[in-house]
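> Sharing a model prediction with you, sequence too.
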Amino acid sequence: MTTTRLRQPSVRSLALPGIAGGASALALAVWSLATSPDPNLLIGLIPLLVAAAFAEAFPVPLEPAGEVSLSAVFITGAALTYGWAAAVVVATLAVVIVDGLLPQLLAGAKRDAAAQGAK
């Protein structure tokens with residue numbers, strides 16, 4: 001009796017379709033917002049983006065174990081108020097701000113504080 005080995009999917013084969021889908025959704029959302037500009041859109045999205053980024057940066061602790069981010073509340077608010085395209089942009093920017101820019105800003109602040117202390 002022979003056994004056949006099942007081929008294990010690589011991380012790349014699983015991640016690339018997800019990245020491609022997310023990037024195409026973001027591109028379509030930006031295109032959708034750019035082709036029908038609404039002057040009130042930016043005024044309404046800025047507070048939702050700030051609130052979503054704040055909720056993403058400071059998740060609520062759950063008692064048994066773990067944490068939960070309440071940024072979905074603000075992203076859903078953007079979707080219900082301004083449509084799916086605005087929600088995609090708010091969600092993407094909130095994650096980019098918290099996971100991409102915030103650590104770099106904090107590292108820069110720590111370097112500056114260390115440089116000030118060394119003087």
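In hand now; what should we look at? Numbers count the residues shown, from 1 in each chain.

> which outside residues touch the longest helix seen in the chain?
Taking DSSP state H as the criterion, the chain has its longest helix at helix 11-35. Identification of contacts with helix 11-35 by C-beta atoms under 8 Å, 6 or more residues apart in numbering yields 41, 84-86, 88-89, 92. In this view, the C-beta of every residue, glycine as well, is placed from N, C-alpha and C.

> Most neighbours of all these, which one?
Among the contacts of helix 11-35, the one with the most neighbours (other C-beta atoms under 10 Å) is Ala86, at 25 neighbours.

> Quick check: which ranges of the chain have low pLDDT?
Counting by pLDDT under 70, the chain has low-confidence residues at 1-6, 8, 108-110, 112-119.

> Can you tell me the centre-most residue of it?
Nearest to the geometric centre of the chain sits Val95, at 2.1 Å (C-alpha atoms, centre = their mean).

> could you say which helix or strand contains the spatially closest residue to it that is not a sequence neighbour?
Spatial nearest neighbour of Val95, excluding adjacent residues (C-beta to C-beta, 6 or more residues apart in numbering): Glu56 at 6.5 Å. Secondary structure assignment for Glu56, by DSSP states H and E: helix 39-57.
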